[in-house]
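> let's see this in three dimensions:
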Amino acid sequence: MTDGEKETFGVSRGMTEKSANKRMNDLQQKQRSASDKAIIAKYNVDFQQKDRLREIEKDTAISDDRMSGYQKRSIQKRMKRKDKSVRSKLQVRKTRRYEAAVAAADAQIILNTDQAGFLEPEDEMEFTSSLSQVELKRNHLDENTARHIYDLALQSGPYGCKFDRSGRYSILYGQRGHLAIMDAHNLSLHTEFHVQERVRDTCFLHNFSLLAAAQKNHVYVYDDTGAEVHKLNDHHDPMALDFLPYHWLLASIGRTGHLIYQDTSTGGLVSQQRTKLGPCNVLRQNPSNAVIHLGHSNGTVTLWSPASNQYLAKIHCHKGAPITSMAIDISGNYMATGGADRQIKIWDVRKFQCTHSYFSIAGIPTSLDISQRRVLGVGHSGHTTFWSPEALLKKAKEPYMRHSVPACGPVETLRFRPFEDVCTIGHSKGISSIVIPGSGEPNLDTTEYNLNPFQDKKQRREAEVRALLDKLDHGMITMDPNDIGGMEDSTPQVRTERLKDAAEIANANQKPKKQATKKRGRSKIQTQLRRKQQNVVDEQVAKLREAREKEKESEALTNSREDGHTKKSLETQSAKDAVPAALKRFF
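You can find the predicted model right below:
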């Protein structure tokens, strides 16, 4: 291997065991790569070295948590084999994996240059919640960020707002039938139309070119020009909508209490589940596993998957108070629920346990949302309160920021814009946009489908085709996504016993069906006469019975004679076989 090859950090090919060992030693002995040294010399960011080494250790480590004891022992035996070819192949693969980890760590340092910044007070007597949007725009923000602080006065309120996955486009919907698609980067109107019907909720589908609207009786699908594309008749009286991007499923819940999943790629109905808990207007999805969370009027939250007819879990969140709002963080570990009792509770979804709660003094929390950097936003009455990311882990004493929309009625929706420090508030007078520093993710992964806000028409088409090819099946939606593709540690006997127990439990819960009594032909004359003659015994019936008994006896005698004859023939045949061949002529 030449010196030039040693300095490169790409995946090497055609290595021998000796060169692979030498390359591994060089990589492990070097504290910093060449690219890392250049970055540190240019930007003076020595603290990134620790993060880089941590990422290398995480990528090169072989996860054996889900391995059985047999698998662990087999890996150790393979490493100790005397076969040079097998040992050299393993060493080369280990070296390539380590090189790939080094290259990924270097690329992460180069690409992730932006960092989220939160407001920090200078002393203990100063609070960030006292900072208003006017002062923030005047003294602390640059011109490009300050232009995202504005108010839109609209007439068809109350209004709601939702963003697409890239954060480039937003949809504004008024409950009186006004729909508008807005370019959030350029702050320009993309399209606007009226449906002349009440709109309860909307959401974008796989990209901004299609949107779904929950109207008075059914769900309608429109394109980005405002033309009606589809009418979904299976969704009756919808009240809340959400789209699962990796499964291409549109989920809706309505006044009838039926949770409906529809595949937007094929147009077919995937499942229709009856919740049996009455009308529901609170629906959110878990970003980590695509499980749907529903908030009901009896204070419970149920978790649903299209692969199951029953709810996966049921949590009693607010006693005697209906669920008014709900939000789930991007990791899927924490859930915030708001109820009519003015309580905002933080739940650990992994343990289904309430860690702590907050009390809303101004009014009932009508809308909740958690940003990409775990900033919790609460909309209550005409006020909005924002809590820092630490407020999800432990109870905070003071909120991060506050904002009020006076004389605008209760907050209809509160949504954070992806990849930006912007929050949009919908109320009865229109839309208000504010800046919450540190709420958005600063680094954008453009390789993810439909996350690039600057993609052109060709890139959007390619991303749509690739997303269709990589579409996940709805049966893979489970509470623990790591179960998919995992290995089961049990034996075949244990699995068969478990299946038998499950079948027994399922059969025990089923009620035995009553067999319907056949009453057809009961009034016929023949059946009535036959019923009357059943217990009547005369001379003719007695003669028939005696004749039948004699026939049975004669049949039994003939059968016994035939059996005896066959038995004797078998005995003689066995005797002939036992006699020598010279004496068989006497038998």
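> contacts, neighbours, all on C-alpha from now
Fine.
> all helices for the stretch 451-587 of the chain, in order.
457-469, 492-509, 525-532, 539-578 (DSSP state H, counting those that start in this stretch).
> how many neighbours does the residue nearest to residue 334 when sequence neighbours are not counted have?
Of all residues beyond its chain neighbours, the one nearest residue 334 is residue 348 (4.8 Å), with distances taken as CA to CA, 6 or more residues apart in numbering. Residue 348 has 17 neighbouring residues, counting by other CA atoms under 10 Å.
> ok so, going back, pick the most buried one from the helices of the stretch 451-587 of the chain.
Most buried of these, by mean neighbour count (mean count of other CA atoms under 10 Å): helix 457-469, with a mean of 14.
> quick one: low-confidence ranges for this structure?
By pLDDT under 70, the low-scoring segments of the chain are 1-17, 27-67, 78-83, 105-116, 485-490, 509-524, 532-537, 562-587.
> can you give me the helices in it?
Applying DSSP state H to the chain gives helices spanning 3-7, 17-29, 34-43, 48-60, 69-79, 84-111, 133-135, 143-146, 390-393, 457-469, 492-509, 525-532, 539-578.
> does residue 127 touch residue 119 like I think?
No. Applying CA atoms under 8 Å, one finds residue 127 not in contact with residue 119, separated by 9.5 Å.
> got the CA positions of stretch 159-171 in CSV?
Output in CSV follows, covering the C-alpha atoms of stretch 159-171 (Å, rounded to 0.1, in the frame of the first residue of the first chain):
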residue,chain,number,x,y,z
TYR,A,159,-57.7,29.4,10.8
GLY,A,160,-55.3,26.5,11.1
CYS,A,161,-51.9,25.9,9.6
LYS,A,162,-49.8,22.9,8.6
PHE,A,163,-46.4,22.4,6.9
ASP,A,164,-45.1,19.8,4.5
ARG,A,165,-42.1,17.7,5.5
SER,A,166,-39.5,20.1,4.0
GLY,A,167,-41.0,23.2,5.6
ARG,A,168,-41.1,25.0,2.3
TYR,A,169,-44.8,25.1,1.8
SER,A,170,-47.6,25.7,4.3
ILE,A,171,-51.4,25.2,4.0
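> neighbouring contacts of it?
By CA atoms under 8 Å, 6 or more residues apart in numbering, the residues outside stretch 159-171 that reach it are 172-175, 179-185, 201-204, 207-208, 412-415, 417-420, 424-431, 450-453.
> return the subset of these lying in strands.
When the contacts of stretch 159-171 are checked against strands using DSSP state E, the ones located there are 172-174, 179-183, 201-204, 413-415, 424-427, 430-431.
> gap between stretch 397-404 and the chain center?
When distances are taken as CA atoms, centre = their mean, to the nearest Å, stretch 397-404 is centred 31 Å away from the chain's centroid.
> so which bits of it are buried?
399, 400, 401, 402, 403 (16 or more other CA atoms under 10 Å).
> with distance to residue 132 added, can I get these in TSV?
Listed next are the buried residues of stretch 397-404 as TSV, based on distance: CA to CA, whole Å:
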residue	distance to residue 132
399	13
400	12
401	8
402	8
403	7
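> closest to residue 219 out of these?
Set against residue 219, the nearest of the buried residues of stretch 397-404 by CA to CA is residue 403 (33.8 Å).
> OK, contacts around that closest one?
132, 133, 383, 384, 385.
> the same query, at a cut-off of 10 Å, please.
Going by CA atoms under 10 Å, 6 or more residues apart in numbering, residue 403 touches 129, 130, 131, 132, 133, 379, 382, 383, 384, 385, 386, 434.
> count of neighbours near residue 121?
By other CA under 10 Å, neighbour count at residue 121 equals 11.
> residues touching it, list them.
127, 128, 129.
> from the residues you listed, which is closest to residue 527?
Using CA to CA, residue 129 is the member of those that lies nearest residue 527, at 91.4 Å.
> measure the closest residue to that closest one other than its chain neighbours to residue 414 for me?
Spatial nearest neighbour of residue 129, chain neighbours left out: residue 401 (3.9 Å); criterion: CA to CA, 6+ apart. As judged by CA to CA, to the nearest Å, residue 401 and residue 414 stand 14 Å apart.
> for the contacts of residue 121, which one is nearest residue 90?
Out of the contacts of residue 121, the member with the shortest distance to residue 90 (by CA to CA) is residue 128, at 55.2 Å.
> so that closest one makes contact with residue 135?
No. Counting by CA atoms under 10 Å, residue 135 is not a contact partner of residue 128; they are 11.8 Å apart.
> of the two, which one has the most company?
Shown here are residue 128 and residue 135; by other CA under 10 Å, residue 128 has more neighbours (16 against 10).
> ok, the more buried one to residue 387 distance?
From residue 128 across to residue 387, the span is 11 Å (CA to CA).
> what's the overlap in contacts for the two?
With CA under 10 Å, 6+ apart as the test, residue 128 and residue 387 both reach 398, 399, 400, 401, 402.
> the fourth one contacts residue 136, correct?
Put plainly, it is residue 401. No. Look at residue 401 against residue 136 with CA under 10 Å: they stay out of range, at 11.3 Å.
> between the two, what contacts are shared?
Joint contacts of residue 401 and residue 136 (CA under 10 Å, 6+ apart) are 436, 437.
> the residue lying closest to residue 319 once chain neighbours are set aside: neighbour count?
Spatial nearest neighbour of residue 319, chain neighbours left out: residue 299 (5.8 Å); criterion: CA to CA, 6+ apart. Residues lying near residue 299 (other CA under 10 Å) number 21.
> how much space between residue 299 and residue 390?
26 Å.
> then residue 383?
21 Å.
> neighbour-wise, which of the two wins?
Just comparing residue 383 and residue 390: by other CA under 10 Å the higher neighbour count belongs to residue 383, 20 against 12.
> that one contacts residue 406, doesn't it?
Yes. Residue 383 is within contact range of residue 406, at 7.8 Å (criterion: CA under 10 Å).
> could you count how many residues lie near the residue lying closest to residue 392 once chain neighbours are set aside?
Closest residue in space to residue 392, ignoring its immediate chain neighbours: residue 346 at 6.6 Å, by CA to CA, 6+ apart. For residue 346, the count of nearby residues is 25 (other CA under 10 Å).
> thinking again about what came up before, tell me, what's touching residue 127 and residue 119 both at once?
Jointly contacting residue 127 and residue 119 under the rule CA under 10 Å, 6+ apart are 400, 401.
> quick one: contacts for the residue nearest to residue 392?
Neighbouring residues of residue 346 by CA under 10 Å, 6+ apart: 317, 327-328, 334-338, 353-358, 391-395.
> which strand residues bridge it?
residue 336, residue 356 (DSSP bridges).
> and residue 159, by the same measure?
Beta-bridge pairing of residue 159 under DSSP bridges involves residue 174.
> quick one: the closest residue to residue 326 other than its chain neighbours from residue 255, how far?
The shortest distance from residue 326 to any non-neighbouring residue, by CA to CA, 6+ apart, is to residue 337 (4.4 Å). Plainly put, residue 337 is 21 Å away from residue 255 if you go by CA to CA.
> just the buried ones from the contacts of stretch 159-171?
172-175, 179-182, 184, 201-204, 207-208, 412-415, 417-420, 424-431, 450-453.
> and residue 140, how many neighbours does it have?
12.
> report the buried residues of stretch 404-413.
Quick answer for stretch 404-413 (16+ other CA under 10 Å): 405, 408, 410, 411, 412, 413.
> let me have those in JSON lines, extended by distance to residue 458.
Putting those into JSON lines (distance: CA to CA, whole Å) gives the following:
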{"residue": "405", "distance to residue 458": "41"}
{"residue": "408", "distance to residue 458": "42"}
{"residue": "410", "distance to residue 458": "42"}
{"residue": "411", "distance to residue 458": "39"}
{"residue": "412", "distance to residue 458": "36"}
{"residue": "413", "distance to residue 458": "33"}
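> looking at these, which is nearest residue 87?
Nearest member of those to residue 87, counting by CA to CA, is residue 413, at 60.3 Å.
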